[in-house]
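# Sequence plus the predicted model coming up.
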Amino acid sequence: MSGATAHHTTIAVTRRARALPLNALLWMLLCGIVVIVAHTLVAQRGAIVTEYWSGVVALAGFIALGWYGVRKRSLWFSLRMLRATARILSPRLQQRMVVLDRLETWRAVHITLGILVILPLWWHMSGGLMSPVEMLLAIAVALLLLSGIVGVAIQEYLPRAIETMAEREVRLEDVASRTDAAYVEAEEKVLGHPPAFVEAYVKNLKPILEAEKVTTRWQLFRATMMRRNVGAQTCAEFRKIGAQFTADAAAWNELVDLTARKINLEHNRFNLNFSTEWLRFHIAVALCTFGLLIFHVSAVLYFDGL
């Protein structure tokens, strides 16, 4: 990854962090405390929040949460809203509207609402026994919340961890091309060396350079969490073999470096996939949740005769 790309990534992470007054995980914890305190205070005062109003508020919250996904994929609504506000607001207020419409701000609101919506949902589910549909909806909401928390943790930790890695490509295509280039370069470097040298390369290094996967996902996950250079660790034993090639020791070390690069690129690919796999699950659960919500609301309206 180039210096400009790394600098851009750092700026993006910093801007996203500034949209919240605290670290995102701490902010979610604070919002959770607010939910618990508010629910306790309402219970102590004997106030009753009806299932109808708690359901309406919870439904509105879920719709607002879903709108963040729409905003990430389309600027249609935002552009028309900003054009409308430009006609009635002063330039200074219009600039603030533009800032408020940034994805960083939308993400901050999404995180905040994602925790606060638990409060009306908690009231709504305290009415008694749940039907099978309501049980499925509760499970879907729990999975949605947990996947969101995991996703926020990944977004907070992974970019900083990746910046300490040996390989930091930002596209899977670049990872694949550099992996292929490492193999080709190694095959060229081994030419013209003694048979013992070539035999050691074929036995120890070439299988790694040719393999699709060398390390397990769990090993790569641990390497990410502990910010380890998995390539250097894996190839440490191979460097000792170079001692027997006195005249070709430098060439052997170059081959080991290429092998370590290949392993680190595999780690790079794992991190890129890891950073997005949670989102696929989160979106799938969100779609299921909205489907169950529509079914639940339709059933309530139908059987209550509204």
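Received the coordinates, thanks.

# Please make it C-alpha for all contacts and neighbour counts, starting now.
Fine.

# does R227 count as helix, strand or coil?
Reducing the assignment to helix, strand or coil with DSSP: H, G, I helix; E, B strand; the rest coil, the entry for R227 is coil.

# Chain neighbours aside, what residue packs nearest to it?
The shortest distance from R227 to any residue other than its chain neighbours is 6.2 Å, reached at A161 (CA to CA, 6 or more residues apart in numbering).

# What distance do you get for that neighbour to E266?
A161 sits 15 Å away from E266, going by CA to CA, to the nearest Å.

# the more surrounded of the two?
The residue with more neighbours, out of A161 and E266 and counting by other CA atoms under 10 Å, is E266; that gives 23 against 17.

# so the more buried one touches K213, yeah?
Yes: with contact defined as CA atoms under 8 Å, E266 reaches K213; the gap is 7.2 Å.

# how many other residues sit next to R71?
16.

# Adjust the sequence numbering to begin at 4 for everything that follows.
Happy to do that; since the first residue is 4 now, the last one works out to R74.

# Please list all residues in contact with it.
The contact partners of R74, by CA atoms under 8 Å, 6 or more residues apart in numbering, come to 80-81, 106.

# so it, which of the three states?
Classified using three-state DSSP, R74 is helix.

# and the gap between the residue nearest to R230 and L223?
A164 is 13 Å from L223, by CA to CA.

# CA atoms only: put stretch 112-119 into PDB for me.
Presented in PDB, the C-alpha positions along stretch 112-119 are these (Å, rounded to 0.1, in the frame of the first residue of the first chain):
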ATOM      1  CA  VAL A 112     -26.300   8.100  14.600                       C
ATOM      2  CA  HIS A 113     -26.700   4.400  13.500                       C
ATOM      3  CA  ILE A 114     -24.500   3.200  16.400                       C
ATOM      4  CA  THR A 115     -26.400   5.400  18.900                       C
ATOM      5  CA  LEU A 116     -29.800   4.400  17.700                       C
ATOM      6  CA  GLY A 117     -28.800   0.800  17.500                       C
ATOM      7  CA  ILE A 118     -28.300   0.700  21.300                       C
ATOM      8  CA  LEU A 119     -31.100   3.200  22.300                       C
END
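
# pLDDT (mean, whole number) over it?
For stretch 112-119, the per-residue pLDDT values average out at 95.

# Give me the nearest residue to the spatially most central residue of the chain, chain neighbours excluded.
Centre of the chain computed as the mean C-alpha position; nearest residue by CA atoms, centre = their mean is S278, 4.0 Å away. Counting by CA to CA, 6+ apart, the nearest residue to S278 once its immediate chain neighbours are dropped is I157, at 6.7 Å.

# So what's the residue count around the one you found?
Number of residues near I157 (other CA under 10 Å) recorded here: 16.

# That one reaches N276, doesn't it?
No: using CA under 8 Å, I157 is not in contact with N276; the gap is 11.7 Å.

# could you measure G58 against M133, distance?
Between G58 and M133 the computed distance is 14 Å (CA to CA).

# R272 now?
As it turns out, when the distance is counted by CA to CA, R272 lies 44 Å from M133.

# same thing with F284?
Spatial separation of F284 from M133 under the definition CA to CA is 25 Å.

# same deal with T108?
36 Å.

# More neighbours: those two, which one.
T108 (18 against 13).

# Sticking with that one, tell me its helix or strand.
Using DSSP states H and E, T108 sits within helix 106-119.

# hang on, isn't L122 packed against V38?
Yes: between L122 and V38 there is a contact at 5.5 Å, judged by CA under 8 Å.

# Would you check that K265 makes contact with E213?
No: the pair formed by K265 and E213 falls short of the contact definition of CA under 8 Å, at 9.4 Å.

# Those two: which has the busier surroundings?
More crowded of K265 and E213, by other CA under 10 Å: K265, with 28 against 14.

# Quick check: the residue nearest to the more buried one when sequence neighbours are not counted vs I165, distance?
Of all residues beyond its chain neighbours, the one nearest K265 is T182 (5.6 Å), with distances taken as CA to CA, 6+ apart. When distances are taken as CA to CA, T182 and I165 turn out to be 18 Å apart.

# where does the stretch 104-253 of the chain have low pLDDT?
Within the stretch 104-253 of the chain, the segments meeting pLDDT under 70 span 130-132.

# repeat that with 90
Applying pLDDT under 90 to the predicted model, the residue ranges of the stretch 104-253 of the chain that meet it are 104-108, 127-137, 158-167, 169, 173, 195, 215-218, 243-251.

# need the helices for the stretch 204-309 of the chain, in chain order.
Per DSSP state H, counting those that start in this stretch, the stretch 204-309 of the chain carries helices over the ranges 209-213, 220-228, 233-237, 239-244, 252-306.
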